[in-house]
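> Sequence first, then the predicted structure, then my questions.
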Amino acid sequence: MTEAGMQRMASRVFAALLADDDGSLTSAELGERLRISPAAVSGAINYLTQVSMVGRERDPGSRRDRYRLHNEVWYDSFANRDQVLTRWERTLRDGARTLGEDTPAGARLLETAEFFAFVQSELVGVLARWRESREATG
């Protein structure tokens, strides 16, 4: 996960949650399993909640937070990526117009924008096919 760009500690915390049967652990459990400080757990959890990969909930009758993987975490992660691609594409197209689409830099920005548009259109189809396959298998 770190090779894909995720922070090292967030990768470790996410992997621990992914490997847990329930997909949920408390801060103390994460610290103990990973042998990391409460501050390291907190920083990783803050990142993972910001990118909508992990949710925070309370254990019934307790003051302890429990961190849980979101259902369909990968689907949601890629679906949210769609919004990012749209923003990047729009920004790149604006930049290409500003620089002039006939300049080398403008043409490069325009080609990149077209790449993001292509990836986005393919991603929509991939996510729809995933939903269909999941519904078909129950």
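Great, that's in hand. None of these values were measured; they are calculated from a predicted model.

> what are the ranges of the strands in this structure?
Secondary structure of the chain by DSSP state E: the strands cover 24-26, 54-58, 65-69.

> What is the burial count for M6?
18 (other C-beta atoms under 10 Å). For glycine as for every other residue, the C-beta is placed from the backbone atoms N, C-alpha and C.

> please renumber so the chain begins at 47
Yes, from this point I'll number from 47; that puts the last item at M52.

> Contact partners for the closest residue to it other than its chain neighbours?
Excluding the flanking residues, the one nearest M52 by C-beta to C-beta, 6 or more residues apart in numbering is F60, at 7.2 Å. Contacts for F60 (C-beta atoms under 8 Å, 6 or more residues apart in numbering) come out as 47, 52, 90, 94, 99-100, 115.

> Tell me who's in contact with L94.
Neighbouring residues of L94 by C-beta under 8 Å, 6+ apart: 56, 59-60, 100, 113.

> which residue sits closest to it, ignoring its sequence neighbours?
Nearest residue to L94, sequence neighbours excluded (C-beta to C-beta, 6+ apart): V100, at 3.9 Å.

> I'd assumed Y113 was in contact with the one you found.
Yes. Assessed by C-beta atoms under 8 Å, V100 is found in contact with Y113 at 5.2 Å.

> how near is A151 to M47?
Separation of A151 from M47 (C-beta to C-beta, to the nearest Å): 33 Å.

> next one: L64
Counting by C-beta to C-beta, the separation of L64 from M47 is 10 Å.

> cool, and P150?
From P150 over to M47 (counting by C-beta to C-beta), the distance is 36 Å.

> okay, these two: which has more neighbours?
Taking other C-beta under 10 Å, P150 and M47 do not tie; M47 has more neighbours (13 against 9).

> Please give me every residue in contact with T144.
By C-beta under 8 Å, 6+ apart, the neighbours of T144 are G152.

> now R139, nearest residue through space, not along the chain?
Nearest to R139 is A159, by C-beta to C-beta, 6+ apart, at 4.7 Å.

> if we can go back for a sec, between the contacts of F60, which is closest to W134?
Within those, proximity to W134 (C-beta to C-beta) peaks at M52, which comes in at 18.8 Å.

> and that closest one, what pLDDT?
pLDDT recorded at M52 is 87.

> Good, wrapping up.
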